[in-house]
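Enquirer: return atomic coordinates for the entry below.
(one chain, ligands or ions: 1)
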Amino acid sequence: MVILKAKPITKDKYELLSSEIRAFGVVPSLTVVMIGNDPAAEYYVQNLVKFGAKIGVEVNLTRFESTISENELILVINELNQNKNVHGIMLQKPLPKHIDENKIVNAITPFKDVDGFHPYNLGNLFLEESNFIPCTPAAVLEILDYYQIATTGKHIVIIGRSNIVGKPLANLFLRKDKTGNATVTICHSKTDNLVSITSQADILVAAIGIPEFVEPEMIKEGAVVIDVGINEIETETGDKIYVGDVAYEACLAKCSAITPVPGGVGSVTTYNLLKNVFVALRLNYA
Ligand code: NAD
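Expert: Here you go, the predicted structure:
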């Protein structure tokens, strides 16, 4: 059984990125637009700040109350689009219900869209030409690639059809390349007979947002399990901890490899986002 840890992957990547940034001679700058205070979002953003500081990427947080209007938010985005000192813009989710997420994502210039969620970048992802691949799907591919887990010809089942994880990831798995060529099934909240589908997966990806949702009976013996979930839960002693969408301890014996939470997909995602800020800097500099 292999634990697919992020650290061996990100260690070298951070060193390389940091030296490339130094050689370029301009500090990449990211602005994170945060609305309200979601614990999972705080956790992600604090990691961006921490690792950004280590490798020379400036991460600025712009915080707003959850009462901010859609128009006010669009004005904020427009200013960031115009600001030459801001290379990357990240809109931290979840957004309050009165705000149309698509409208705000569309307002971000595609050339500063380090999350890769703008329709221009998602369209180009389908065409295999994107500047920015969404960071979490890219992290899943990088983990499989680093640990030499072949995807060609495999049946990959993804639980979750979100625009930021499930849908782009399914598309990436279909590419005709080293981390693609898979047969992909996407399951979601309306899928019938979920267990009968997930238990056919050679590689099972969980991106659901429900703590420890995936249990051993959902996994084929010897499958690879990739846990995208990050959920804050309270232990019996009142401590707050982060767990994934997979019941990790219970599933260990069933799979051939599994990502830990924390220290798995999320850590590689953080690296990818910071890397994309440098990509954005170079795009906007040219
Ligand atoms: P989302 O809420 O947008 O989507 C969840 C998906 O799960 C939906 O498509 C829904 O249909 C499906 N789902 C919900 N209940 C289900 C059920 N009972 N059976 C089958 N499918 C069900 O969530 P998201 O933004 O895609 O995030 C998913 C998880 O990944 C969350 O835990 C989130 O915190 C985490 N996440 C982690 C990273 C990272 O870097 N590791 C990045 C983004 C999101």
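
Enquirer: any low-confidence regions in the stretch 151-286 of the chain?
Expert: 286 (pLDDT under 70).

Enquirer: which parts of it sit against the ligand?
Expert: With CB under 6 Å from any ligand atom as the criterion, the stretch 151-286 of the chain meets the ligand at residues 159-162, 164-166, 187-189, 191, 194, 207-210, 228-231, 245, 265-266, 269. Every residue, glycine included, has its C-beta placed from N, CA and C.

Enquirer: mind doing that once more with 5 Å?
Expert: 160-162, 165, 188-189, 207-209, 228-230, 265-266, 269 (CB under 5 Å from any ligand atom).

Enquirer: can you map out the helices along the stretch 101-250 of the chain?
Expert: 101-107, 119-126, 135-146, 166-173, 194-198, 248-251 (DSSP state H, counting those that start in this stretch).

Enquirer: let me have the ones you listed in JSON lines, extended by mean neighbour count.
Expert: Below are the helices of the stretch 101-250 of the chain laid out as JSON lines (neighbours: other CB atoms under 10 Å):
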{"stretch": "helix 101-107", "mean neighbour count": "16"}
{"stretch": "helix 119-126", "mean neighbour count": "17"}
{"stretch": "helix 135-146", "mean neighbour count": "23"}
{"stretch": "helix 166-173", "mean neighbour count": "22"}
{"stretch": "helix 194-198", "mean neighbour count": "17"}
{"stretch": "helix 248-251", "mean neighbour count": "16"}
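
Enquirer: of all these, which one comes closest to Gly25?
Expert: Among the helices of the stretch 101-250 of the chain, helix 135-146 comes nearest to Gly25, with 24.9 Å by CB to CB.

Enquirer: which residues touch the closest one?
Expert: By CB atoms under 8 Å, 6 or more residues apart in numbering, the residues outside helix 135-146 that reach it are 4, 6, 8-9, 114-116, 151, 164-165, 168-169, 172, 178-179, 203, 205, 207, 224, 226, 228, 259, 264-266, 268-273, 276.

Enquirer: now with 6 Å?
Expert: Residues from elsewhere that reach helix 135-146 (CB atoms under 6 Å, 6 or more residues apart in numbering): 4, 9, 165, 168-169, 172, 179, 226, 265, 268-269, 272-273.

Enquirer: over to stretch 151-163?
Expert: 166-167, 169-170, 173, 179, 181-188, 197-198, 200-208.

Enquirer: Asn47 and Val268 touch, don't they?
Expert: No: the pair Asn47 and Val268 fails to qualify as a contact (CB atoms under 6 Å) at a distance of 11.4 Å.
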